[in-house]
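Undergrad: here is my input; please provide its structure:
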Amino acid sequence: MAIILPLFSALLQSNQSNPIANLAPASKSSNENPYPFISAIPLPEGYARIDAVRNSFGGWLRNISLKKNKTVYLYDGSIKKDQSAQYAVLNISVGNKDLQQCADAIMRLRAEYLYALKRFDEINFKDNNNRNYPFGFPFDRDHFNKYLEKVFSYCGTLSLEKQLHPVKNSNDLQIGDVLIQGGSPGHAMLIVDKAMNKDKKIIYMLAQGYMPAQDIHIVVNPMNTKLSPWYEIGDKTIYTPGWVFLKEHFRRWE
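TA: Just a heads-up that it's a prediction; the model follows:
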């Protein structure tokens, strides 16, 4: 990883090598988002979304509503300076504290899914010392939000990476799988959609939180602007707008 990151940093500094550097700041019109849900984001020609099991995490993620514009705001209400990473912004709370960063955003989405289905006993996260933080009574929204703030304070990329299970075959990625590299800070992203063509070629979409705490957003594909915001399965190295991962970094909840 020590070799890969400097290489990617060099790419980011080159306007000719990195498509992100050539993206002009969004105008008012281009900042509008016409898609109401993740499932409404267009597919490349020849692809179809893979069916999600009823009441599954993947099906729930696809139905998350999107904000009407693409602006990413920080937890304090200010606009994030760099607006080049996002394709769309999820209509999910970021809170008003600098807590919900990358791994926290994923834990938020997982917890929101279980909370929506009233599977309260399954809402549980672990810190780096393997200490459990289960959600308990009362099961109201105010208590839920306070619980998440506690989780965000004690859990992060290192602990979440330990809690999740390695994906043995990256060709079998599922919606809801996590792309994560634990560390300080480390980074984590979430697969929020998946599609396939007649040749069994699979593509997927990634969402992330970042630091400082900010709106969760679907990221562009900086290395393939024609395919963006979709990514292809098969590449050993995954270049995202803010981090470089390897295919060995995919993890799963169960």
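Undergrad: distance of the closest residue to residue 241 other than its chain neighbours from residue 46?
TA: The shortest distance from residue 241 to any residue other than its chain neighbours is 3.8 Å, reached at residue 85 (C-beta to C-beta, 6 or more residues apart in numbering). C-beta here means a position set from N, CA and C on the backbone, and glycine is covered the same way. Here the criterion is C-beta to C-beta, to the nearest Å. By it, residue 85 lies 27 Å from residue 46.
Undergrad: for these two, indicate the residue with more neighbours.
TA: Applying other C-beta atoms under 10 Å to residue 85 and residue 46 shows that residue 85 carries more neighbours, namely 19 against 11.
Undergrad: could I get the contacting residues of the residue nearest to residue 248 when sequence neighbours are not counted?
TA: Using C-beta to C-beta, 6+ apart and skipping residues adjacent in sequence, the residue nearest residue 248 is residue 166, 7.6 Å away. If a contact means C-beta atoms under 8 Å, 6 or more residues apart in numbering, then residue 166 has 248, 250-252 as its contacts.
Undergrad: now, these that are in strands?
TA: Taking DSSP state E as the definition of strands, the contacts of residue 166 contribute 250-252.
Undergrad: give me the buried entries from the contacts of residue 166.
TA: Neighbour counting with 16 or more other C-beta atoms under 10 Å marks 250-252 as buried within the contacts of residue 166.
Undergrad: ok, and the closest non-adjacent residue to residue 221?
TA: According to C-beta to C-beta, 6+ apart, the nearest residue to residue 221 is residue 228 (3.8 Å).
Undergrad: which residues in the stretch 51-200 of the chain form helices?
TA: Taking DSSP state H, counting those that start in this stretch as the test, the helices found in the stretch 51-200 of the chain are 57-62, 102-116, 141-154, 157-163.
Undergrad: could you give the angle of the second one to helix 141-154?
TA: So the one you mean is helix 102-116. Here helix 102-116 points in a direction 150 degrees away from that of helix 141-154 (axes from the mean of the first three to the mean of the last three C-alpha atoms, to 10 degrees).
Undergrad: buried set for helix 102-116?
TA: Applying a neighbour-count criterion of 16+ other C-beta under 10 Å, the buried positions in helix 102-116 are 102-115.
Undergrad: then the last one?
TA: Going by neighbour count (16+ other C-beta under 10 Å), the buried part of helix 157-163 is 157-161, 163.
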